[in-house]
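Student: the following block contains a protein sequence and its predicted model.
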There are 2 protein chains.
Amino acid sequence: MSVNKQIVLDSRPSGKVAPGNFRLVEAPIPTPGEGQIVVRQHYLSLDPYMRGRLNDVKSYAKPQEVGAVMGGGAVGEVIESRNPKFKAGDFVVGPGGWQLYALSDGAGFNTVDAKKIPIQAYVGVVGMPGVTAWYGLNKIIAPKPGEIVVVSAASGAVGGVVGQLARLAGAKAIGIAGGAEKCNYVHSELGFDACVDHKSPHFADELKAALPNGLDGLFENVGGEPFLQCLRQLNDFARIAICGLIASYEGAPTVLPDMRLFLVRRMKIEGFIVSDHLALWPQALGELAGLVASGRLRYRETVRQGLESAPQALVDLLHGGNFGKMLVKLV
Amino acid sequence: MSVNKQIVLDSRPSGKVAPGNFRLVEAPIPTPGEGQIVVRQHYLSLDPYMRGRLNDVKSYAKPQEVGAVMGGGAVGEVIESRNPKFKAGDFVVGPGGWQLYALSDGAGFNTVDAKKIPIQAYVGVVGMPGVTAWYGLNKIIAPKPGEIVVVSAASGAVGGVVGQLARLAGAKAIGIAGGAEKCNYVHSELGFDACVDHKSPHFADELKAALPNGLDGLFENVGGEPFLQCLRQLNDFARIAICGLIASYEGAPTVLPDMRLFLVRRMKIEGFIVSDHLALWPQALGELAGLVASGRLRYRETVRQGLESAPQALVDLLHGGNFGKMLVKLV
């Protein structure tokens, strides 16, 4: 393979993103300058936050530039290095973007141990999504033994970790996911105490039935109507970590209908972005890697084949078409 | 005076509370049984939380019973005691309710030092409102030196303390109050850096102008449109303490229009009720008493005369007709 295929953002979506917003281009395989590395990428990480970057609005992440290679995390192998921190053959995780070969000065890239854990886990359960779960659960919800933690998008890369960590902390974990298959996986394979299907016409009643003692912590990834139903089940002193509001990224905003709930429940809602807390990553990653290596933390992946599949994979991710971590395999 | 005058709740208000919802009754001055005290009350404390207790809905406070003496804090003097914790002549603060003489087993009553500080301060700046300010500012907003704290109802019993404590902590304090006279008091007498009049037709612009560097902490007592305008000025990592939503008690609920703000700003909103945190009261009261005694914490009172004035005083309090702590003087 002598060319570097890349996918660039061709136009900003208005409303729902579509594969037509992206365009495939070709470029020479890069040659590293002084201090640079070239990474042959193995897996692209697809994540919900990417949708926000496609809009040209002020947010926590800088907007993706139109005409530039689509940004995003990836794992791969260093094939050439003129940077003393890396050598050819190193496996690395970093912001390589949607392309077969990434050229970088090494900023944001870290070497990973490819022996104990499959490398793609470093963009999943032992990567950004895992640390996201770890931070929101431990630093915002901070569940006490016996408390009840609800997690939306429970079969996703973040949600699946949240519930398992909650159970390891002695709390109960109740998932919310879309469809019987995902709910069964969350309950049977990930070991959540229960999982409620938000696509059920009786979702509100089923959620209530799954929470006879209310909920003390809510790890929110989705927003929309299921979130509003969760608000009806809050116990006093409930803590809500807002990790994502995927239902609002392309749809109507999620509205909090009455602020008095803060007083009635003396509750806390806190939004967070895991990249604000880099100092905690080593601790979190160490704990997560240990749990994965010992088999106490389980996960699943949806793997699409080939760079060209990335745009549709992102669209599918935003509409629940994944089962666990969404990846694009390049080699 | 040989009778005990009392005000009872005669009917629950639907919408706005009116003096007609209350009724004056007379009863004999009580005689203490074993373990009981009789308190001749000097000042009733009127507080916004009372409005919520008039509704028969699930909330943090048990509803006020129709036909019973209206509950509330007061300060007074023990005139008879058959309780070893109190003796005649003690000044006490406690839940005496709207009556000239209170009979109690002493639960919730505490003796106060009437020498250094005027006794009515024990239901104000060195009482529940003061601790409310102390808790929300120190435990939820936790301002760092140089940060900007906005306080609504800034001339009120709670708000005035919040801004002064914020400044003592090295932060800037910006008040919001209704009308030029209150704003002038907040700025000139209480020493806030600025105060914005929410009754001004140009409030939104004036608030923005007063916050050229945004806001890091918001101590919210009111809700409604001024609150929504504050949300537009939030800095990243802002903390919002929800102490009260007086504008919503008799009006439309305050809605949070888009939960994405939690992610864009990585903000925290936390509601609290000071009675949940009794363990911290001694520390808070000690600090507040010291600041009042040394003249570093200033306050003002609106004093109505006579038990019969209490219902109208409550109505006025709920519509901003007070200037600082609202009290009813009984003796």
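Tutor: Yes, it's here. Numbering: from 1, shown residues only, chains lettered A, B, ... in the order given.
Student: helix or strand for residue A:8, which one?
Tutor: strand A:3-9 (DSSP states H and E).
Student: for the longest helix seen in chain A, buried residues please.
Tutor: For chain A, the helix that runs over the most residues, judged by DSSP state H, is helix A:281-293. Residues of helix A:281-293 classed as buried by neighbour count (16 or more other CB atoms under 10 Å in any protein chain shown): A:281, A:284-285, A:287-289, A:291-292. Backbone N, C-alpha and C define where each C-beta goes, glycine included.
Student: could I get the average pLDDT for that helix?
Tutor: Across helix A:281-293, the average pLDDT comes to 95.
Student: which other helices and strands contact the next helix or strand after it?
Tutor: Scanning forward in sequence from helix A:281-293 by DSSP H and E, the next helix or strand is strand A:301-305. Strand A:301-305 is packed against helix A:310-318, strand A:325-329, with contacts defined by 3 or more CB pairs under 8 Å, 6 or more residues apart in numbering or on different chains; DSSP states H and E.
Student: for these, give me CSV that also has distance to residue B:223.
Tutor: As requested, these are exported to CSV (distance: least, CB to CB, whole Å):
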stretch, distance to residue B:223
helix A:310-318, 34
strand A:325-329, 40
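Student: which residues does the residue in the stretch 101-250 of chain A that chain B sits nearest to bridge with?
Tutor: Residue of the stretch 101-250 of chain A nearest chain B, by CB to the nearest CB: residue A:242 (4.2 Å). For residue A:242, the beta-bridge partners under DSSP bridges are residue A:220, residue A:271.
Student: most packed of the helices and strands packed on strand A:301-305?
Tutor: strand A:325-329 (a mean of 24; mean count of other CB atoms under 10 Å in any protein chain shown).
Student: got the CA positions of that strand in PDB?
Tutor: Below are the C-alpha coordinates for strand A:325-329, written out as PDB (Å, rounded to 0.1, in the frame of the first residue of the first chain):
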ATOM      1  CA  LYS A 325     -17.300  -0.100  21.800                       C
ATOM      2  CA  MET A 326     -17.600   1.000  18.100                       C
ATOM      3  CA  LEU A 327     -14.300   0.400  16.300                       C
ATOM      4  CA  VAL A 328     -13.100   0.600  12.700                       C
ATOM      5  CA  LYS A 329     -10.500  -1.900  11.800                       C
END
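Student: direction included, what does that strand pair up with?
Tutor: Checking strand A:325-329 against DSSP bridges gives partners strand A:37-46 (antiparallel), strand A:301-305 (parallel).
Student: quick one: contacts for residue A:126?
Tutor: The neighbourhood of residue A:126, defined by CB atoms under 8 Å, 6 or more residues apart in numbering or on different chains, consists of A:117, A:285, A:288-289, A:292.
Student: walk me through the domains of chain A.
Tutor: Using automatic domain parsing, the domain ranges for chain A come out as A:3-124+A:300-329, A:128-275.
Student: so which of the ones you listed gets nearest residue B:179?
Tutor: Nearest to residue B:179, of all those, is domain A:128-275, at 24.2 Å by CB to CB.
Student: quick check: end-to-end length of the closest one?
Tutor: From its first residue to its last, domain A:128-275 covers 8 Å (CA to CA, to the nearest Å).
Student: what are the bridge partners for the residue nearest to residue A:41 when sequence neighbours are not counted, then?
Tutor: Among residues not flanking residue A:41 along the chain, residue A:76 sits closest, at 3.7 Å (CB to CB, 6 or more residues apart in numbering or on different chains). Beta-bridge partners recorded for residue A:76 (DSSP bridges): residue A:41, residue A:92.
Student: which residues touch residue A:76?
Tutor: Residue A:76 touches A:39-43, A:91-92, A:96, A:102, A:330, counting by CB under 8 Å, 6+ apart.
Student: phi, psi for the nearest residue to residue A:193 once chain neighbours are set aside please.
Tutor: Residue nearest to residue A:193 in three dimensions, not counting chain neighbours: residue A:172, with 4.8 Å by CB to CB, 6+ apart. In terms of degrees, to the nearest 10, the main-chain angles of residue A:172 are phi -90, psi 150.
Student: how about the residues of the stretch 151-300 of chain A near chain B?
Tutor: Listed as neighbours of chain B in the stretch 151-300 of chain A under the rule CB under 8 Å from any CB of the partner chain: A:223, A:227, A:236-237, A:242, A:244-245, A:248, A:253-273, A:276.
Student: among those residues, name the buried ones.
Tutor: A:223, A:227, A:242, A:244-245, A:248, A:254, A:256, A:258-273.
Student: residue A:312 is in contact with residue A:17, isn't it?
Tutor: No - using CB atoms under 8 Å, residue A:312 is not in contact with residue A:17, being 10.3 Å away.
Student: about what we covered before: could you export the helices and strands packed on strand A:301-305 as CSV, including distance to residue A:52 and mean pLDDT?
Tutor: What follows is the helices and strands packed on strand A:301-305, written out as CSV (distance: least, CB to CB, whole Å; pLDDT from 0 to 100):
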stretch, distance to residue A:52, mean pLDDT
helix A:310-318, 11, 96
strand A:325-329, 16, 97
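Student: ok, which of these comes nearest residue B:218?
Tutor: helix A:310-318 (32.6 Å).
Student: which secondary structure elements does that closest one contact?
Tutor: Against helix A:310-318 (3+ CB pairs under 8 Å, 6+ apart) you get strand A:37-46, helix A:49-53, strand A:301-305, strand A:325-329.
Student: among the ones you listed, which is nearest residue B:168?
Tutor: With CB to CB as the yardstick, what comes closest out of those is helix A:49-53 (39.7 Å).
Student: is it true that residue A:53 touches residue A:65?
Tutor: No - applying CB under 8 Å as the test, residue A:53 and residue A:65 come out as separate, 9.7 Å apart.
Student: show me which of the two is the more surrounded one.
Tutor: Per other CB atoms under 10 Å in any protein chain shown, whichever of residue A:53 and residue A:65 has more neighbours is residue A:53, with 18 against 13.
Student: how much space separates that one from chain B?
Tutor: Residue A:53 sits 13 Å away from chain B, going by CB to the nearest CB, to the nearest Å.
Student: what does residue A:299 give?
Tutor: 24 Å.
Student: excluding chain neighbours, give the residue nearest to that residue in space.
Tutor: Here the residue nearest residue A:299, using CB to CB, 6+ apart, is residue A:125, at 4.5 Å.
Student: and the one you found, how many neighbours?
Tutor: Residue neighbour count, defined by other CB under 10 Å, stands at 29 for residue A:125.
Student: residues contacting it?
Tutor: A:157, A:160-161, A:288, A:292, A:297, A:299, A:325.
Student: again, only using 7 Å
Tutor: A:161, A:288, A:292, A:297, A:299 (CB atoms under 7 Å, 6 or more residues apart in numbering or on different chains).
Student: how long is stretch A:247-257 end to end?
Tutor: 17 Å.
Student: quick one: mean pLDDT for that stretch?
Tutor: 87.
Student: residues in contact with that stretch?
Tutor: With contact meaning CB under 7 Å, 6+ apart, stretch A:247-257 is reached by A:15-16, A:51-52, A:222-224, A:227, A:245, A:318, B:253, B:255-260.
Student: which ones among the residues you listed are found in helices?
Tutor: Per DSSP H, the contacts of stretch A:247-257 map to helices at A:51-52, A:224, A:227, A:318.
Student: please, where are all the strands along the stretch 101-250 of chain A?
Tutor: Listed in chain order, the strands found in the stretch 101-250 of chain A under DSSP state E, counting those that start in this stretch are A:101-104, A:110-111, A:148-152, A:172-177, A:194-197, A:215-220, A:234-242.
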